[in-house]
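> Here's a sequence, model it:
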Amino acid sequence: MQRRGTQSTRSASYPPVWIALITIAVVVLVQLAPDLARTDFFREEGRRVVPAREMLETGNWSLPTIWHHPYLSKPPGMYWILAASFRLAGGVSELAARLPSLFATLLTAFGIFFMSRRSFGGRAGLIGALLFVLSIEAQSKGRLAEIEAPLACFVFFAVSCWWIGRRGSIGWSLLSGLFLGAAILCKGPAALLYFIGPALALALARRERSYVISWRFAVPLALGLVLAGSWVLMLFREIGSSQAMAHWASEISGQGGRTLAAYISERFNFVFGSLLAFAPASFVVLLVWKTPLARRLWSDDNVAFAFWSAAAGWAFFLLFPGTNVRYAFPGLPFVALLGGVLLNEALQALPSGEKAGPFARRLHHLATGFMVLGALVIVASVIGAFLPLGEVETDGIGITLAVLLFVLLLGILRLRSPVRDAVSLVLIPLLIGQLFLTQVGAATTERHRRKHLAAELDLVLPEGVPLHVGFWLNFNALLYVEHEVRYTPELKDVPAGSWLLLTADQIRRLEERGSQASIRYVEDRRMAFWLGERVLVRVQTDTDDGGESEPGSAPE
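As a prediction, this is how the structure comes out:
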C-alpha cells in the first residue's frame with residue numbers, strides 16, 4: 001500500500017527495522033511471558049484445551065469433543081493450534097496452551113509495524129505496534145489460551161494482504177485467502193465480517209465498486225470459504241448435516257438478552273468496554289479525530305482503510321444480540337494502526353518542546369489521566385497487600401510492580417512536555433496492565449483452587465472408575481482430573497456404582513422425576529466449585545446388593 005504524496009527516506013527508515021522489531025519483541029515478552037505458566041486455566045481456556053487434548057487422544061481431528069461428546073460451538077481451528085502446541089511441548093500444560101496466543105500477539109504487532117511503515121514511516125509503525133501491545137485487551141488475551149489473539153492475527157493479515165494485493169501480485173491475494181480460511185476455522189462466519197465489512201464500507205464511502213467487484217477480492221474470499229468448507233464437509237460425513245445444523249441454529253437463537261433492558265445494557269457495556277479495553281489506542285484516535293490534521297489525513301486511502309477495518313466489525317457487533325467486548329478484538333490492530341499514524345503525524349506537527357494546539361492539550365490531559373490512574377493503582381496495591389480488595393490480593397510481584405510504577409511516576413514528573421506525555425502514554429499503561437492483570441488473575445485462581453479441587457476428586461474416586469458430569473461447566477477444574485470424565489446429558493444410561501458430579505438443584509429435580517425413583521445417591525460430598533456448589537454422589541439402584549446409604553447422605 002502506497003501513501004498519496006511524498007515521504008522522506010529518513011522518515012521511512014527511522015527507526016531502523018531491527019531496532020523496532022527488538023523493541024516490540026521485548027515489550028511483548030516482558031508483559032506476557034512471566035504469567036504464561038503462573039496461573040491455572042480459567043475463563044474460556046478449558047473449553048479450548050479439553051477438545052484439543054481429546055483430539056490428541058482419539059486422533060479424530062474433524063470432530064471437536066468435550067468429554068467425548070460433540071462440541072460444535074466453534075470450528076476446530078483453535079483446537080488444532082493447541083493440539084499442535086501440546087504435541088511439540090510433549091504434553092498438556094498451561095505454558096504450551098498459552099504460547100500460541102503470545103506468538104499471535106507478537107506477529108500481529110510486527111504486522112502493524114510493517115503495514116504502517118510501508119506508507120507512513122517506521123516511527124508511525126512502531127507507535128502503532130506499541131499502542132496495540134500496551135492495550136489492556138491485548139495484554140489480557142495475549143496470555144490466555146483463548147481464540148481472540150490467534151483470530152485477531154489471522155484477520156489482520158487476511159485484510160492487510162488483500163489491501164496490498166489490490167495493486168500487487170496474485171501472491172498477496174492467495175496469502176489473504178489462506179489467512180481468511182484460518183480465521184473462519186477459528187471463529188466461524190463471524191470472521192467473515194471483518195473481511196467483507198471493510199471492503200463494503202470502502203466501496204460505499206469511496207463510491208468505488210472495485211473494492212468488492214474484483215477478482216482480487218473474490219480470490220481470497222473464495223479460497224477462505226473453500227478451506228473452511230472442507231472441514232464442514234468432513235464434519236457432515238462424521239456426524240451428519242442435520243445434527244450439525246441443529247446445533248448451530250440453537251447457538252444462534254440463544255444469543256442475547258431476553259428483554260429490551262438487557263439488550264440496551266449489552267450495548268452500553270460493549271461501547272464503553274471497547275473504549276477502555278482498547279486504550280490507549282482508542283483514546284489517541286478520539287483525541288486526534290476531530291482536529292484539522294485528522295481531516296487532512298482522512299483523504300488518504302490507507303487511513304480510510306484502517307478506519308473502516310476497525311469500524312465495520314465493531315458496528316455489526318454493536319447490534320449483534322449477546323455481544324461481548326472480546327468479539328471486537330479483531331478490530332483492535334486496526335485501531336492501533338490508525339492511532340499510530342495519527343499520533344505520529346500529530347507529534348511531527350507539534351512545535352518542538354512546547355505545548356500548542358488542541359491536540360497537544362488533549363494529549364496532555366490524557367497523559368495526566370494515566371498518571372492519576374497510576375497513582376490510584378499504587379494506593380490500591382499497597383492496601384491490597386494488607387487487606388484484599390475484592391479480587392486484588394497483592395503479593396511480592398505486585399508490590400515490586402507498584403514500586404516500579406511509583407518510581408516511574410516520580411521520574412515522569414521531572415520531564416518536560418511533550419516528552420512527559422509520550423512516556424506516560426507508553427510506560428504507565430504497561431505497568432498498570434501488568435499489575436492489574438497479574439494480581440487479579442492470581443487471586444482468582446487461588447480462590448477457585450482448580451487443581452486442589454481436582455486432586456480431591458481423584459482421591460475420592462476409585463482407580464479406573466470414570467466420573468460422570470451432568471452439567472456443561474467447570475471445564476477448567478475438571479480438565480485437571482486424572483480420572484476419565486464423561487459428559488452424561490440428562491443423566492441418561494448411568495450405570496449403578498457410577499460417580500456423578502451434579503449441582504444441588506439437579507439432584508432436587510431428579511428426585512421429583514418418577515423415572516428416577518429407582519435410583520439412590522449415596523456418599524454425598526459437597527464441594528465449592530467456581531460458579532456454585534457441586535455435589536459428588538455415587539449412584540445406587542434399589543436392586544443393588546451393595547451397602548446401605550450412609551448417615552448424612554443425600555435424600556433418597
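
> hey, let's count contacts and neighbours off CA atoms from now on
Fine.

> what separates Y14 from R206, distance-wise?
Distance from Y14 to R206, counting by Cα to Cα, to the nearest Å: 32 Å.

> what's the answer for C161, then?
Per Cα to Cα, C161 is found 20 Å from R206.

> Please identify the buried residues of stretch 243-252?
A244 (16 or more other Cα atoms under 10 Å).

> Just give me how far it sits from the chain centre.
Distance of stretch 243-252 from its chain centroid, counting by Cα atoms, centre = their mean, to the nearest Å, is 23 Å.

> What mean pLDDT does it get?
In this model, stretch 243-252 carries a mean pLDDT of 71.

> Also stretch 282-294?
Average pLDDT, stretch 282-294: 77.

> related to what we said a few turns ago, neighbour count: Y14 and R206, which is higher?
More crowded of Y14 and R206, by other Cα atoms under 10 Å: Y14, with 17 against 13.

> who touches the more buried one in this structure?
Taking Cα atoms under 8 Å, 6 or more residues apart in numbering, we find Y14 in contact with G121, G122, R123.

> now A149
By Cα under 8 Å, 6+ apart, the contact set of A149 is S101, L102, A104, T105, A138, K141, G142.

> 10 Å instead, please
With contact taken as Cα atoms under 10 Å, 6 or more residues apart in numbering, A149 is in contact with 100-106, 108, 137-143, 326, 329-330.

> Now, of those residues, which are buried?
When these are checked for burial by 16+ other Cα under 10 Å, the buried set is 100-106, 108, 137-143, 326, 329-330.

> Which of the residues you listed fall in helices?
Among the buried ones among the contacts of A149, DSSP state H puts 100-106, 108, 137-141 in helices.

> quick one, phi psi at V522?
As for V522, its main-chain torsions (degrees, to the nearest 10) stand at phi -120, psi 170.

> Quickly list what it is bridged to.
R538 (DSSP bridges).

> what ranges do the helices span in the stretch 1-150 of the chain?
Counting by DSSP state H, counting those that start in this stretch, the stretch 1-150 of the chain has helices at residues 9-13, 17-32, 46-58, 77-89, 94-120, 122-133, 136-141, 148-165.

> what separates the last one from the chain centre, distance-wise?
The gap between where helix 148-165 is centred and where its chain is centred comes out at 15 Å by Cα atoms, centre = their mean.

> next one: whatever helix or strand R216 lives in to chain centre, how far?
Using DSSP states H and E, R216 sits within helix 215-239. On the basis of Cα atoms, centre = their mean, helix 215-239 sits 24 Å off its chain's mean C-alpha point.

> Can you list the buried residues in it?
By neighbour count with 16+ other Cα under 10 Å, helix 215-239 contains the buried residues 216-217, 219-225, 227-228, 231-232, 235-236.

> Report all helices and strands that that helix contacts.
helix 148-165, helix 170-187, helix 190-206, helix 241-253 (3 or more Cα pairs under 10 Å, 6 or more residues apart in numbering; DSSP states H and E).

> Surely P333 and A152 touch.
Yes - counting by Cα atoms under 10 Å, A152 is a contact partner of P333 at 7.5 Å.

> which residues do these two both contact?
Jointly contacting P333 and A152 under the rule Cα under 10 Å, 6+ apart are T105, T108, A138.

> Surely the last one and P333 touch.
Yes - taking Cα under 10 Å as the contact criterion, A138 and P333 are neighbours in contact, 9.3 Å apart.

> okay, and the common contacts of those two?
Residues touching both A138 and P333 (Cα under 10 Å, 6+ apart) are T105, L131, F132, A152, F278.

> What count of nearby residues applies to N344?
Neighbour count of N344, defined by other Cα under 10 Å: 20.

> Skipping its backbone neighbours, what lies nearest it in space?
A124 (5.2 Å; Cα to Cα, 6 or more residues apart in numbering).

> Now do the helix or strand containing N344: which elements does it pack against?
Assigned by DSSP H and E, N344 belongs to helix 332-349. On a contact count with 3+ Cα pairs under 10 Å, 6+ apart, helix 332-349 meets helix 94-120, helix 122-133, helix 136-141, helix 148-165, helix 281-289, helix 292-297, helix 301-319, helix 357-386.

> Swap in 7 Å and give it another go.
With contacts taken as 3 or more Cα pairs under 7 Å, 6 or more residues apart in numbering; DSSP states H and E, helix 332-349 sits against helix 94-120, helix 122-133, helix 281-289, helix 301-319.

> winner for burial among those?
Comparing the helices and strands packed on helix 332-349 by mean neighbour count (mean count of other Cα atoms under 10 Å), helix 122-133 ranks first with a mean of 29.

> Convert the C-alpha atoms of that one to PDB, please.
Provided in PDB are the C-alpha atoms of helix 122-133 (Å, rounded to 0.1, in the frame of the first residue of the first chain):
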ATOM      1  CA  GLY A 122       8.900   3.400  10.700                       C
ATOM      2  CA  ARG A 123       8.100   5.600  13.600                       C
ATOM      3  CA  ALA A 124       4.400   5.500  12.900                       C
ATOM      4  CA  GLY A 125       4.700   1.700  12.600                       C
ATOM      5  CA  LEU A 126       6.500   1.400  15.900                       C
ATOM      6  CA  ILE A 127       4.000   3.700  17.700                       C
ATOM      7  CA  GLY A 128       1.100   1.700  16.300                       C
ATOM      8  CA  ALA A 129       2.600  -1.700  17.300                       C
ATOM      9  CA  LEU A 130       3.200  -0.400  20.800                       C
ATOM     10  CA  LEU A 131      -0.300   1.000  21.100                       C
ATOM     11  CA  PHE A 132      -1.600  -2.500  20.300                       C
ATOM     12  CA  VAL A 133       0.600  -4.500  22.700                       C
END
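
> Could you measure from V494 over to F86?
Going from V494 to F86 by Cα to Cα gives 32 Å.

> Can you tell me the closest non-neighbouring residue to T488?
Residue nearest to T488 in three dimensions, not counting chain neighbours: G470, with 5.4 Å by Cα to Cα, 6+ apart.
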